[in-house]
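Student: okay, predicted coordinates and the sequence, questions at the end:
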Amino acid sequence: MLKVNPTRMELLKLKKRSSLARRGHKLLRDKEEQLLIEFRKLVSQTRDVRKKVEQQLMAFYPAVVAEKGACSRKEWEALWRFLRTDARIAVSRRRFFNIPVQELALELSGARCQAPRRGTNRRGRDGSPCRAGRRGCALAGGLPRRGDH
């Protein structure tokens with residue numbers, strides 16, 4: 001309970017204060033609604049991206065299992081040793097309802113074979129650095145035949 005002098009000036013001050021509090025409360029409610037809408041959009045986008053990644057992984061795993069079964073252990077380890085993917089995380093900032101928000105974006109360059117380039121017997125038929133040729137290694141999207149590495 002507020003202790004207030006019963007004067008007309010105090011009444012006007014309290015009315016202004018109450019009006020300001022109501023407007024502030026309404027603005028906060030609106031801000032909360034917009035933040036929830038944005039959050040729901042992000043959840044939806046995340047769900048879609050997750051489904052897409054899971055589908056790609058489900059298509060990728062059988063190819064990897066088939067390749068592993070067709071290679072010796074030494075060839076399999078060599079394949080993993082020379083495979084390389086470059087990744088970069090781009091960070092950007094934006095303000096949403098005066099709240100600073102960081103956005104992260106993952107940028108991947110394609111997987112490529114980094115097999116040694118020593119000697120002509122290490123080059124593919126088409127001049128690429130590995131015997132798998134430009135069609136690539138299993139993990140780079142192509143499926144080399146047994147003995148490509």
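Tutor: Okay, I see it.
Student: tell me the spacing between the spatially most central residue of the chain and V43.
Tutor: For the chain, the residue nearest the mean C-alpha position is L106 (5.0 Å; C-alpha atoms, centre = their mean). According to C-beta to C-beta, to the nearest Å, L106 and V43 sit 18 Å apart. All C-beta atoms are positioned from the backbone trio N, CA, C, and that covers glycine.
Student: now do the same contact list for the residue nearest to the centre of the chain.
Tutor: A87, R88, I89, A90 (C-beta atoms under 8 Å, 6 or more residues apart in numbering).
Student: could you say which helix or strand holds the third one?
Tutor: Element membership for I89, per DSSP states H and E: strand 87-96.
Student: now for that strand, which elements pack on it?
Tutor: Packing contacts for strand 87-96, counted by 3 or more C-beta pairs under 8 Å, 6 or more residues apart in numbering; DSSP states H and E, involve helix 8-70, strand 99-108.
Student: any weak-confidence spans in the protein?
Tutor: 110-149 (pLDDT under 70).
Student: who does the residue nearest to the centre of the chain bridge with?
Tutor: As for beta bridges, L106 partners with I89 under DSSP bridges.
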